[in-house]
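[1] have a look at this prediction, sequence included:
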Amino acid sequence: MVRAPFDRAASAAAPPPPRHREQTRARYPDVEGFVERAGVRVFYEVYGHGEPTILLVPTWQIVHSRLWKAQIPYLARHGRVVTFDPRGNGRSDRPTSSAAYGEREMAADIIAVMDASSTERAVLVTRSMGAQRGLIVAAEHPDRVEGLVAGGPSLAIGERRAERHFPFEEVLDTDDGWAKNNVHYWRRDFDGYLQFFFSRCFTEPHSTKQIEDCVGWGHEIGVETLIVGEYAAGLTADETLALCARVRCPVLVVVGDQDAITGDGPAIALAAAVPGARLVTIAGGGHVQDARDPVLINLLIRDFVASIHPGFGRRIR
Amino acid sequence: MRAAVPASVGLVAAADGVRIAHETFGSGGLTLVLLPSTPIVHSRQWKGQVPYLSRHWRVVTFDGRGNGRSDRPTDADAYRDARLVGDIETVMDATGTDAAVLVGLCGDGVWRAIELAAARPERVLGIVAFAPGVPLLTPPHAWKTAWSFEDELPTDEGWAKLNRHYWQRDYAGFARFFFEEITSEPHSTKQIDDAVGWALDGSVDAMLADEEASGGWDLDAVEATCRAVTCPMLLVHGSEDTCQPIGRSRRLAELTGAPLVVVDGADHMIPGRHPVLANLLIRDFIRSIGRTES
């Protein structure tokens, strides 16, 4: 969504402490650090070593890099994994200007993290809105991107779900369903919004743990920072299609046929717009399979990386 | 779809003619028999154990009488302790298992394992007892006896569902309530759905017959049976067990000298809800008794 630029009248806020002590991890980073651009610090982590590097790209800053917790331990046994917290959440800074959350800034963070972590080239793995920044980097930095995975891409192309189209700023006479995607409701009951949004992300049965995790990460950003980001510029349909036409690396698009956030329209359109892209549809899958079907997603990533780096994933090192 | 498929399947008749369906997985020098908590669920209760354990040892499972692919007698006599203990031996004979480590959950699993170990020590190499429900060692949880099982009740709320008339009216409602109560850890919806499904594979008539057959125990005799167990034994009990009081494990530990592992925060369904922990406890137990075949 594109809205007029907006600046919150507040000084740059430090990240609030997590509400709970972080859960234990199956694997801890080998390297972690911050990279700073125009006064905004972004926190990154590196797991494993050698080639290839798989870069797990942030999605909407409503969650942070722990979204990839089920990918990191597996992929880092076979290669090197880099991930980072989006500006606005996790251990990254929380800029107070909406312009700081634009897709161009997000894409520039990818390059900055690659530079800071001495990553010459990487396979980019994205989820949802991450496809936009992934497309920018793949199209404009072809020497840095070996391949692009777009899971449940959220893009301005393809058939879009209609029920989400409630005005964000108007005072509505209902809180039902997607009417919760409204700034007044966010401020009134942010937890209610997070519970609703993530219950729509995970439409599969037995997703209570994934929903609970994501709601917790959502609370780490805080409602006002999330609101600032809502006024940032995303890619238009024309921009998206122009980028798609320039992508030369292998592209894998994965979408659940029960995706209640984006539907499968943007995924189908992306696969059609990028030359040679492959589309995998997961029967019964929702919007965030990285968390809900991690083995399936990990094996799809493995096979995709192996198509670029033969032998990847065969031997544990 | 299963993570491990059986190496053999069979159907064997017990002494009273009731046919018992059994499966074996894997191979190797040591056999584990995973006992059914029958007739409320069947052998799929061990789905989190079979693939792991059968990579290391031979595993035998069977559906208890009253559920799964076994016969479903509806007379109480078919569910006496002696019949249920006899089924273990019947299945061991049918699968060429001279002796085995027995793994059980709750009363249906653990009490019968103890009875067999006391009566036929040469056939039982060891027992891993999850949430043991040995009768009478302590009183049951108060909520389990708050309502009469036999009387018509003025309510269906909560544990009032543990009632003959409610079972006959809405057995599915009982199954869902019961497994939600005893699987109270967060993020247990899959385990609950599975258990309810296995309950509905069975029949309320078998459950009623089993209920009628239970009881009639004598505390001195129960304790004597526990003391008579000579094989190694491991007790595992959740600190939050809603089905079997943890006091029963503490008393059983006193009677047998068996170590007790208390799983902090766990409710009753430890093998289903905490499968990796359960599997590693079984593995370590087998190692501790000097059984390293794999």
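    On my side now, so go ahead.
[2] so which helix or strand takes in the residue most central in space within chain B?
    The centre of chain B sits closest to B:G109, judged by Cα atoms, centre = their mean, with a distance of 2.7 Å. Using DSSP states H and E, B:G109 sits in helix B:106-119.
[3] ok, and for that helix, which residues are buried?
    By 16 or more other Cβ atoms under 10 Å in any protein chain shown, the buried positions in helix B:106-119 come out as B:106-118. (C-beta placed from N, C-alpha, C; glycine too.)
[4] if we can go back for a sec, go ahead and confirm the residue nearest to the centre of chain B touches B:V134.
    No. If you go by Cβ atoms under 8 Å, B:G109 and B:V134 don't touch, sitting 10.9 Å apart.
[5] could you check the angle helix B:106-119 makes with the helix or strand following the helix holding B:G109?
    Following helix B:106-119 in sequence order, the next helix or strand is strand B:124-130 (DSSP H and E). Angle of strand B:124-130 versus helix B:106-119, following axes from the mean of the first three to the mean of the last three Cα atoms, to 10 degrees, is 160 degrees.
[6] near chain B, which residues of the stretch 201-317 of chain A show up?
    Within the stretch 201-317 of chain A, the positions adjacent to chain B are A:P205, A:H206, A:T208, A:K209, A:E212 by Cβ under 8 Å from any Cβ of the partner chain.
[7] ok, and what's touching the helix or strand harbouring B:A82?
    Per DSSP H and E: B:A82 is located in helix B:81-94. Contact partners of helix B:81-94, identified using Cβ atoms under 8 Å, 6 or more residues apart in numbering or on different chains, comprise B:10, B:12-16, B:18, B:20, B:22, B:33, B:35, B:38, B:60, B:62, B:64-65, B:77, B:97-98, B:100, B:102, B:108, B:111-113, B:115-116, B:119-120, B:123.
[8] that one vs helix B:106-119, what angle?
    Helix B:81-94 runs at 70 degrees relative to helix B:106-119, counting by the same axes, to 10 degrees.
[9] report the distance from helix B:81-94 to the chain centre.
    In terms of Cα atoms, centre = their mean, to the nearest Å, the centre of helix B:81-94 is found 14 Å from the chain centre.
[10] can you list the buried residues in that helix?
    For helix B:81-94, by 16+ other Cβ under 10 Å, it's B:R83, B:L84, B:V85, B:G86, B:D87, B:I88, B:E89, B:T90, B:V91, B:M92, B:A94.
[11] what is the neighbour count of residue 248?
    If you meant another chain, say so; for now it's chain A. A:R248 has 12 neighbours, counted by other Cβ atoms under 10 Å in any protein chain shown.
[12] was after chain B, sorry
    By other Cβ under 10 Å, 24 other residues sit near B:R248.
[13] residues contacting it?
    B:P132, B:G133, B:V134, B:L137, B:T138.
[14] quickly note the distance from it to chain A.
    Applying Cβ to the nearest Cβ, to the nearest Å, the value for B:R248 to chain A is 30 Å.
[15] pretty sure that residue is in a helix, no?
    Yes. Assigned with DSSP: H, G, I helix; E, B strand; the rest coil, B:R248 falls within a helix.
[16] could you find the closest non-adjacent residue to it?
    B:L137 (4.4 Å; Cβ to Cβ, 6 or more residues apart in numbering or on different chains).
[17] I'd say that neighbour and B:D220 touch.
    No. With contacts counted by Cβ under 8 Å, B:L137 stays clear of B:D220, the gap being 11.8 Å.
[18] the two - which one has more neighbours?
    Each of B:L137 and B:D220 has its neighbours counted (other Cβ under 10 Å); B:L137 has more, 22 against 9.
[19] show me the helices in the chain, by range?
    Assuming you mean chain A. With DSSP state H as the criterion, chain A has helices at A:72-75, A:103-116, A:130-140, A:183-188, A:190-201, A:208-221, A:223-230, A:237-246, A:265-273, A:289-292, A:294-308.
[20] chain B is the one I meant
    B:50-53, B:81-94, B:106-119, B:164-169, B:171-182, B:189-201, B:204-213, B:219-227, B:246-256, B:270-273, B:275-288.
[21] nearest spatial neighbour of B:A160, skipping sequence neighbours?
    Using Cβ to Cβ, 6+ apart and skipping residues adjacent in sequence, the residue nearest B:A160 is B:W147, 4.6 Å away.
[22] A:A277 too?
    Computed as Cβ to Cβ, 6+ apart, the closest residue to A:A277 that is not its neighbour in sequence is A:V251, at 3.9 Å.
[23] how about the one you found, what does it touch?
    Contacts of A:V251 by Cβ under 8 Å, 6+ apart are A:A138, A:G147, A:L148, A:V149, A:A150, A:L270, A:A271, A:V274, A:G276, A:A277, A:R278.
[24] ok, and the most crowded of these?
    A:A150 (31 neighbours).
[25] who's in contact with the nearest residue to that residue once chain neighbours are set aside?
    Nearest residue to A:A150, sequence neighbours excluded (Cβ to Cβ, 6+ apart): A:A131, at 4.2 Å. When contacts are counted by Cβ under 8 Å, 6+ apart, A:A131 touches A:A150, A:P153, A:S154, A:L155, A:P266, A:L270.
[26] torsion angles phi and psi at the most centrally placed residue in chain A?
    Among the residues of chain A, A:T59 comes closest to the average C-alpha position under Cα atoms, centre = their mean, at 1.6 Å. When read as degrees, to the nearest 10, the backbone of A:T59 gives phi -100, psi -150.
[27] quickly note the distance from it to A:V137.
    14 Å (Cβ to Cβ, to the nearest Å).
[28] same question, A:P58
    Counting by Cβ to Cβ - A:P58 and A:V137 are separated by 12 Å.
[29] check B:T145 too.
    Look at B:T145 and A:V137: by Cβ to Cβ, they are 66 Å apart.
[30] who's more crowded, those two?
    Per other Cβ under 10 Å, whichever of B:T145 and A:V137 has more neighbours is A:V137, with 26 against 12.
[31] tell me the contacts of that one?
    A:V137 makes contact with A:A107, A:I110, A:I111, A:L124, A:R144, A:V145, according to Cβ under 8 Å, 6+ apart.
[32] switch to 10 Å and redo it
    A:55, A:57, A:106-111, A:114, A:122, A:124, A:126, A:144-145, A:148, A:243, A:247 (Cβ atoms under 10 Å, 6 or more residues apart in numbering or on different chains).
[33] likewise A:R41?
    Residues in contact with A:R41 (Cβ under 10 Å, 6+ apart) are A:A12, A:P15, A:G33, A:F34, A:V35, A:D85, A:R87, A:R91, A:S92, A:D93, A:P95.
[34] which one of those residues sits closest to B:R176?
    A:D85 (40.7 Å; Cβ to Cβ).
[35] next, count neighbours for the closest one.
    27.
[36] which regions of chain B sit below the pLDDT cut-off?
    Scanning chain B for pLDDT under 70 picks out B:291-294.
[37] kindly apply the preceding question to chain A instead.
    A:1-21, A:315-317.
[38] can you name the farthest residue from the center of it?
    What lies farthest from the middle of chain A is A:D173; by Cα atoms, centre = their mean that is 31.6 Å.
[39] correct me if wrong: that residue contacts A:A179.
    Yes. If you go by Cβ atoms under 10 Å, A:D173 and A:A179 touch, sitting 8.6 Å apart.
[40] now do the contacts for residue 34.
    In the absence of a named chain, this looks at chain A. Counting by Cβ under 10 Å, 6+ apart, A:F34 has contacts A:V40, A:R41, A:V42, A:F43, A:Y44, A:F84, A:D85, A:R91, A:S92, A:D93, A:V113, A:A116.
[41] not quite, go with chain B.
    Taking Cβ under 10 Å, 6+ apart, we find B:L34 in contact with B:23, B:25, B:43, B:45-46, B:49-50, B:53, B:59-62, B:100-105, B:109, B:128, B:271, B:282.
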